[in-house]
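S.K.: Any chance you can model this:
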Amino acid sequence: MADPTLVNGQITDAATQTNVKILGESPGQALGTVYQVMAHTVGIGMQNAVAAQQQQTTLSGATATQGINLLFTMDPASAAVSTQNLLTGNALASSLSELSASLASNQQIVKTAQSTPSASSNTIPGAGQPPQQPLQPAG
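M.R.: From the prediction side, this is the model:
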């Protein structure tokens with residue numbers, strides 16, 4: 001029990017035990033509060049990410065719609081002139097055109113080679129040739 005005072009000893013013991021209990025529980029309470037704040041912060045971050053994705057989707061749809069409307073309302077003759085002006089004098093466009101032509105000719109060569117029958121009627125390599133001499137073991 002506590003030292004004799006004007007206050008009853010049981011009361012001072014109860015107050016002391018309460019203070020010790022509070023000091024013992026405070027680290028757990030503080031850590032619990034930190035965890036709650038962290039979980040709340042992560043939740044808000046996820047809500048912000050979802051909202052940003054929704055806004056981006058809305059913006060993408062509006063942009064695609066505007067682009068398609070522009071394509072449908074454009075005069076074909078002016079589109080052809082614009083495309084021609086864009087591609088003339090452009091080194092990248094010229095290179096792509098040359099590569100496309102080369103690829104087309106190579107594809108035609110491969111098609112021709114695949115459709116042309118081979119010179120021999122045998123399709124098995126080495127068929128119709130004399131057998132090779134077996135290797136002799138070294139002496």
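
S.K.: where does Ile22 sit relative to Thr16, distance-wise?
M.R.: Ile22 sits 11 Å away from Thr16, going by CB to CB, to the nearest Å. In short, each C-beta sits where N, CA and C put it, glycine included.

S.K.: Tell me the buried residues in the lowest-mean-pLDDT helix or strand in the chain?
M.R.: In the chain, the helix or strand scored least confidently by mean pLDDT, DSSP states H and E is helix 76-87, which has a mean of 79. Residues of helix 76-87 include none that count as buried (16 or more other CB atoms under 10 Å).

S.K.: List the contacts of it.
M.R.: Contact partners of helix 76-87, identified using CB atoms under 8 Å, 6 or more residues apart in numbering, comprise Ala93.

S.K.: could you give the angle of whichever helix or strand comes after it to helix 76-87?
M.R.: Per DSSP states H and E, the first helix or strand lying C-terminal to helix 76-87 is helix 91-115. Angle, helix 91-115 to helix 76-87, by axes from the mean of the first three to the mean of the last three CA atoms, to 10 degrees: 100 degrees.

S.K.: quick one: buried residues of helix 91-115?
M.R.: When neighbours are counted by 16+ other CB under 10 Å, no buried residue of helix 91-115 is found.

S.K.: gap between it and the chain center?
M.R.: Relative to its parent chain, helix 91-115 has a centroid offset of 33 Å by CA atoms, centre = their mean, to the nearest Å.

S.K.: Over to stretch 44-57?
M.R.: 17 Å.

S.K.: How far away from the center of its chain is the lengthiest helix in the chain?
M.R.: The longest helix of the chain (DSSP state H) is helix 9-73. Centre-to-centre, helix 9-73 and its host chain are 26 Å apart (CA atoms, centre = their mean).

S.K.: Just the mean pLDDT for it, thanks.
M.R.: In this model, helix 9-73 carries a mean pLDDT of 90.

S.K.: how much does that helix deviate in direction from helix 76-87?
M.R.: Going by the same axes, to 10 degrees, helix 9-73 is angled at 110 degrees with respect to helix 76-87.

S.K.: Before I go, just wanted to say thanks for your time.
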